[in-house]
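> Requesting a structural model of the entry that follows:
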Amino acid sequence: MGNLIPLILLACVAQVLNSQTQLKPRTITLLRGDTARLICSTAEPWQVMVWILNSGSVLTISAQYGILSNNPNVNAINCSTSQLSIWEFTLNRVQRSHQGQVTCDLQNIQRLTADLFVQERGNVAITGGNVTVLKGEEILFRCLAVGWYPEPSLTWLVNGREVDQGQYNISTERPVDADGLYNLTSNLSVQAAESSHVECLASVSALPTPEASSVRLTVESSLPEAIRIDESKSGRSAVAEATGGEVNLGYTTEGHSDAGRSDLIVTGETHSQMNSISAHKIPDVVSSSNFSLTNSQSNASTAHCGDGSKTVRRITTV
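Below you'll find the predicted structure:
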């Protein structure tokens, strides 16, 4: 029993020392290029503090003389109080090669270690840009996330709402080079119901906000105006073919005012033909030597044209 008392006392002393010497934070995750900051503090008297990065000494501090080593990439600031000795260690412009363990070694007192993780922010982009489709069509969006470490999380948003993971797929290209960077491709299939704002987000834990790419999906309920005009021209060509090319461009239905003719779309050859037509309504002109007329009235008049005269027959059908 007497032999156990010294062991118990040693355990109590060690517990007190552990509570008086601290390294914070014990885990730190940063993006490449950021600055790592860790604080080592103790209430115990000490002589030498050594900071170690992945088993290599990078900074030595003397309790009496201060910082002894000179490394442009690391520094330390004395933040001590009357009760605690506190030193803040800074590692500038962290690189992927720095990932590992950072140790505060209070020589002959205690050695504390923190884990340092360095991540890489890549790029994200939805290919193809803005899209315009007809309502009901199915459209495929593709998102590329390139140059990330570790493998990023990737999500889709439509009008600010997260899309269920079952509606898109993600394929990952495993790192093959020394940088060990990840490339991802994701495809999202959407049924065009309404105009929407589509976003692709990629992120790693060190990013305060995800990297985002967005496009606009415009949904038309009918064909665009340019297509309707083209179909109108095609239809008029079909009529001309059926009538042997004798299409009366000056004809208007009864009760249709002349002002209404301004809605007619004129293109190419049709325009030159209409320029020779007077503003008066001209009914269809029929010329045939064998034409017979029933229940009709016929009037003939003579019109003088340039070098001679022509007989124009106006026919009114009842």
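> Restricting the selection to alpha carbons, write stretch 69-78 to CSV.
In CSV, the C-alpha atoms belonging to stretch 69-78 read as follows (Å, rounded to 0.1, in the frame of the first residue of the first chain):
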residue,chain,number,x,y,z
SER,A,69,16.0,30.8,-35.5
ASN,A,70,15.3,32.8,-38.7
ASN,A,71,12.8,31.3,-41.1
PRO,A,72,10.9,33.7,-43.4
ASN,A,73,7.9,31.4,-43.7
VAL,A,74,7.3,31.1,-39.9
ASN,A,75,7.0,33.5,-37.0
ALA,A,76,6.0,33.6,-33.4
ILE,A,77,4.4,36.4,-31.2
ASN,A,78,4.8,36.6,-27.4
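> quick one: contacts of it?
51, 53, 57-61, 66-67, 86-93 (CB atoms under 8 Å, 6 or more residues apart in numbering). C-beta here means a position set from N, CA and C on the backbone, and glycine is covered the same way.
> Filter those residues down to the buried ones, PyMOL style.
The buried residues among the contacts of stretch 69-78 can be selected in PyMOL (16 or more other CB atoms under 10 Å) with this line:
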select buried, resi 51+53+58+59+60+61+67+87+89+91
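> Okay, and which of the contacts of stretch 69-78 map to strands?
51, 53, 57-61, 66-67, 86-91 (DSSP state E).
> between these, which is nearest residue 102?
residue 53 (5.7 Å; CB to CB).
> Tell me where the stretch 51-200 of the chain has strands.
Under the criterion DSSP state E, counting those that start in this stretch, strands of the stretch 51-200 of the chain are mapped to 56-62, 66-67, 74-78, 85-91, 100-106, 110-119, 123-126, 131-134, 138-148, 153-158, 161-162, 168-173, 182-191, 196-203.
> could the ones you listed be laid out in JSON lines, adding distance to residue 28 and mean pLDDT?
JSON lines is the format used below for the strands of the stretch 51-200 of the chain (distance: least, CB to CB, whole Å; pLDDT from 0 to 100):
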{"stretch": "strand 56-62", "distance to residue 28": "15", "mean pLDDT": "95"}
{"stretch": "strand 66-67", "distance to residue 28": "21", "mean pLDDT": "94"}
{"stretch": "strand 74-78", "distance to residue 28": "15", "mean pLDDT": "96"}
{"stretch": "strand 85-91", "distance to residue 28": "10", "mean pLDDT": "97"}
{"stretch": "strand 100-106", "distance to residue 28": "8", "mean pLDDT": "97"}
{"stretch": "strand 110-119", "distance to residue 28": "5", "mean pLDDT": "97"}
{"stretch": "strand 123-126", "distance to residue 28": "25", "mean pLDDT": "98"}
{"stretch": "strand 131-134", "distance to residue 28": "42", "mean pLDDT": "95"}
{"stretch": "strand 138-148", "distance to residue 28": "19", "mean pLDDT": "96"}
{"stretch": "strand 153-158", "distance to residue 28": "20", "mean pLDDT": "97"}
{"stretch": "strand 161-162", "distance to residue 28": "29", "mean pLDDT": "96"}
{"stretch": "strand 168-173", "distance to residue 28": "26", "mean pLDDT": "92"}
{"stretch": "strand 182-191", "distance to residue 28": "21", "mean pLDDT": "95"}
{"stretch": "strand 196-203", "distance to residue 28": "18", "mean pLDDT": "97"}
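> Tell me which of the ones you listed approaches residue 35 most closely.
strand 85-91 (5.8 Å).
> can you dump the C-alpha coordinates of the closest one into PDB?
Only the C-alpha atoms of strand 85-91 are listed here, as PDB (Å, rounded to 0.1, in the frame of the first residue of the first chain):
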ATOM      1  CA  SER A  85       3.600  31.900 -20.900                       C
ATOM      2  CA  ILE A  86       1.800  32.100 -24.300                       C
ATOM      3  CA  TRP A  87       3.300  32.000 -27.800                       C
ATOM      4  CA  GLU A  88       1.400  32.200 -31.100                       C
ATOM      5  CA  PHE A  89       3.100  30.300 -33.900                       C
ATOM      6  CA  THR A  90       2.300  31.300 -37.500                       C
ATOM      7  CA  LEU A  91       3.000  29.400 -40.700                       C
END
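> excluding its backbone neighbours, what's nearest residue 172?
residue 184 (5.4 Å; CB to CB, 6 or more residues apart in numbering).
> Revised request: answer the last question for residue 107.
Closest to residue 107 by CB to CB, 6+ apart is residue 48, at 4.6 Å.
> cool, and residue 156?
residue 163 is the one closest to residue 156 (CB to CB, 6+ apart), at 4.1 Å.
> Likewise for residue 124?
Per CB to CB, 6+ apart, closest to residue 124 is residue 202, 4.2 Å.
> same question, residue 207
residue 121 (6.2 Å).
> Phi, psi for the one you found please.
phi -90, psi 120 (degrees, to the nearest 10).
> Please name the residues that touch it.
31-32, 148, 204, 206-207, 211.
> and what of residue 22?
39-42, 112.
> What about those, which one has the most neighbours?
residue 40 (25 neighbours; other CB atoms under 10 Å).
> Do you know the pLDDT at it?
With respect to pLDDT, residue 40 scores 97.
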